[in-house]
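[1] quick check, what structure comes out for this input:
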Amino acid sequence: MTVAIGLRAVVTVVVFALTLVAASSSPLRAQTPRVGKIVIAVQPTATPEQLSTDAKELREFLGKRLNRDVEIVFPMTFAGVVESLRFGHAQAAFMSAWPAQLAVKYAKAEVVLAEVREVVIGQDKKEETFYFSYWVVPKDSAASKLEQLRGSARSFRARCRPPASSRRWPG
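    Predicted coordinates:
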């Protein structure tokens with residue numbers, strides 16, 4: 001973890017941990033949150049070894065800053081992060097946009113912090129809290145709009161999984 005990226009990640013997670021109230025009023029909560037300890041579930045983005053190394057430094061930093069015990073957990077999938085919020089096993093989380101939307105819907109979480117990143121809109125570079133996805137089709141494809149891809153196969157690449165996963169577009 002480089003210093004600039006590491007510091008940015010630490011600050012982002014610190015603010016996120018301090019301000020995210022996840023599933024606090026959910027009737028699905030299986031247990032009462034642990035008093036004095038905050039559990040932060042982080043969407044896996046690297047190998048367990050890399051995540052564990054980075055988590056130790058972050059856990060110590062947050063523990064001192066918040067003056068309480070901090071546990072950082074890395075569920076195997078983004079669904080595990082959402083479920084940890086939903087059932088009260090975590091009080092805060094750090095995840096990408098789609099899992100965050102699921103956490104809002106199913107865990108009654110509130111997104112209170114979004115990463116600001118540089119995006120290119122047309123010819124302009126801007127700092128925004130969103131990004132663009134690019135859908136690539138063969139040159140000879142008849143599809144010129146995203147809606148035309150409904151029912152077709154697609155593939156997404158996740159850094160923490162082997163090659164790509166294919167799914168059908170909902171039809």
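
[2] show me where this structure has its strands.
    37-42, 69-73, 92-94, 117-121, 124-128, 153-157, 164-168 (DSSP state E).

[3] quick one: closest of those strands to Ser52.
    strand 69-73 (9.2 Å; C-beta to C-beta). In this view, the C-beta of every residue, glycine as well, is placed from N, C-alpha and C.

[4] Arg117 and Arg59: what is the separation?
    25 Å (C-beta to C-beta, to the nearest Å).

[5] and those two? Which one has more around it.
    Arg59 (15 against 11; other C-beta atoms under 10 Å).

[6] which residues touch that one?
    Applying C-beta atoms under 8 Å, 6 or more residues apart in numbering to Arg59 gives the contacts Val70, Glu71, Ile72.

[7] mind running it again at 6 Å?
    Shown in contact with Arg59 (C-beta atoms under 6 Å, 6 or more residues apart in numbering): Val70, Ile72.

[8] and the pLDDT for it?
    Here, the pLDDT recorded for Arg59 equals 91.

[9] looking at the protein, which helix or strand is least sure?
    Taking mean pLDDT, DSSP states H and E as the measure, the chain has helix 3-19 as its least confident helix or strand, at a mean of 42.

[10] mind listing what's buried along the longest helix belonging to the chain?
    Looking across the chain with DSSP state H, the single longest helix is helix 48-66. Going by neighbour count (16 or more other C-beta atoms under 10 Å), the buried part of helix 48-66 is Leu51, Asp54, Ala55, Leu58, Phe61, Leu62.

[11] any idea how far Trp135 is from the fourth one?
    Relative to Trp135, Leu58 is positioned 34 Å away (C-beta to C-beta).
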